[in-house]
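Trainee: missing the sequence, but the structure's below:
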């Protein structure tokens with residue numbers, strides 16, 4: 001398999017560059033991989049947006065917090081298992097006599113098609129070793145709870161009971177004021193969220209993970225998946241906004257000066273949609289692809305912060321498939 005170096009700048013959530021923005025990586029040209037020869041499966045699950053919204057809603061419970069963990073170079077942390085096909089990669093550019101030698105691949109590299117799957121399996125195994133249990137409703141969410149009475153699996157039915165306050169002498173952890181200490185981890189590729197009411201449980205998770213790979217200290221969530229979250233320190237209320245994503249879309253498509261509308265689907269919009277669905281004599285493939293690209297950017301707003309545009313997205317999306 002061939003390889004190459006990549007050099008790029010990585011901007012922060014606001015689009016700004018800093019002294020840590022320069023990134024260089026040795027990557028494999030995974031497009032040359034053949035399924036069944038170089039890999040068997042490449043599916044890697046991620047936490048659903050419904051689960052993430054639920055966790056952010058639960059973060060409004062008093063004395064609970066949401067922490068974010070980033071893993072350093074996550075996609076090269078997992079090694080190839082014994083069942084993985086044996087193959088080699090050409091040496092990196094700049095290596096002496098790189099044309100005479102090849103490197104045997106022992107771990108996943110950036111660019112490999114089964115790379116995300118390897119990282120997903122590694123992270124799942126690390127969580128299992130710590131005693132975290134995978135949820136049946138979402139396999140990218142694991143949880144653990146500790147109480148003096150019995151082991152409680154956190155769910156919506158017992159979350160109120162589990163968050164009841166207890167006297168300090170009866171606490172299982174001194175920093176947990178609830179009857180049950182809860183830790184829930186949601187994984188979206190290498191961006192992990194921890195929902196907990198116990199700093200000691202979060203610290204145990206952090207120490208355990210750093211034995212296998214490098215993970216930064218947990219910090220309160222500010223930006224996650226291009227969504228900005230704010231938590232009121234008094235009421236605990238959590239708000240989410242995607243103004244930067246919206247501004248980027250408006251600028252990309254040149255519609256910054258368009259007038260605002262009071263509703264997501266204004267009056268007489270049905271007539272405009274019907275006109276779009278009618279057959280045309282001249283088919284502009286470029287225009288159709290641009291329209292589909294614009295419509296395809298709306299669901300990310302819909303599932304995160306603007307559920308009220310669901311009907312409008314459905315209507316314009318139907319037109320994009322029939323145009």
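Mentor: That came through fine. Computed from a predicted model, the values in this text were never measured in an experiment.
Trainee: Domains in the chain, by residue range?
Mentor: The chain breaks down into these domains under automatic domain parsing: 3-240, 243-322.
Trainee: now those domains in JSON lines, with mean neighbour count and mean pLDDT?
Mentor: (C-beta placed from N, C-alpha, C; glycine too.) Formatted as JSON lines, the domains of the chain follow (neighbours: other CB atoms under 10 Å; pLDDT from 0 to 100):
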{"stretch": "domain 3-240", "mean neighbour count": "15", "mean pLDDT": "83"}
{"stretch": "domain 243-322", "mean neighbour count": "12", "mean pLDDT": "81"}
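Trainee: which residues touch the closest residue to residue 77 other than its chain neighbours?
Mentor: Spatial nearest neighbour of residue 77, excluding adjacent residues (CB to CB, 6 or more residues apart in numbering): residue 213 at 4.3 Å. Residue 213 makes contacts with 71-72, 74, 77, 122, 126, as judged by CB atoms under 8 Å, 6 or more residues apart in numbering.
Trainee: any idea how far residue 213 is from residue 119?
Mentor: Residue 213 sits 9 Å away from residue 119, going by CB to CB, to the nearest Å.
Trainee: anything in contact with each of the two?
Mentor: Common contacts of residue 213 and residue 119, defined by CB under 8 Å, 6+ apart, comprise 74, 77.
Trainee: Look at the residue nearest to residue 32 when sequence neighbours are not counted and say how many residues are nearby.
Mentor: Leaving aside its chain neighbours, residue 32 sits nearest to residue 1 (5.7 Å; criterion: CB to CB, 6+ apart). Neighbourhood size, residue 1 [other CB atoms under 10 Å]: 20.
Trainee: how far away is residue 247 from residue 255?
Mentor: The gap separating residue 247 from residue 255 is 11 Å, by CB to CB.
Trainee: wait, residue 227 sits on residue 243?
Mentor: No - using CB atoms under 8 Å, residue 227 is not in contact with residue 243; the gap is 10.1 Å.
Trainee: Enumerate every residue touching residue 37.
Mentor: Contact analysis of residue 37 by CB under 8 Å, 6+ apart lists 85, 87.
Trainee: how close does it get to residue 95?
Mentor: 25 Å.
Trainee: quick revisit: run through the residues that contact the residue nearest to residue 32.
Mentor: Listed by CB under 8 Å, 6+ apart, the contact set of residue 1 reads 28-30, 32-33, 38, 87-90, 105.
Trainee: again, but for residue 192
Mentor: 68-71, 123, 185-186, 215.
Trainee: so what's the backbone phi/psi at residue 133?
Mentor: phi -110, psi 130 (degrees, to the nearest 10).
Trainee: all strands for the stretch 1-150 of the chain, in order.
Mentor: In the stretch 1-150 of the chain, strands defined by DSSP state E, counting those that start in this stretch lie at 3-9, 22-28, 65-70, 88-90, 102-104, 133-134, 141-146, listed in chain order.
Trainee: Turn these into JSON lines, including distance to residue 236.
Mentor: Rendered in JSON lines, the data for the strands of the stretch 1-150 of the chain read as follows (distance: least, CB to CB, whole Å):
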{"stretch": "strand 3-9", "distance to residue 236": "37"}
{"stretch": "strand 22-28", "distance to residue 236": "37"}
{"stretch": "strand 65-70", "distance to residue 236": "10"}
{"stretch": "strand 88-90", "distance to residue 236": "50"}
{"stretch": "strand 102-104", "distance to residue 236": "52"}
{"stretch": "strand 133-134", "distance to residue 236": "26"}
{"stretch": "strand 141-146", "distance to residue 236": "20"}
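Trainee: in the sheet, who's paired with the residue most central in space within the chain?
Mentor: What sits nearest the mean C-alpha location of the chain, by CA atoms, centre = their mean, is residue 188, with 3.1 Å. With DSSP bridges as the criterion, residue 188 is bridged to residue 191.
Trainee: Since that was my last question, I'll sign off now.
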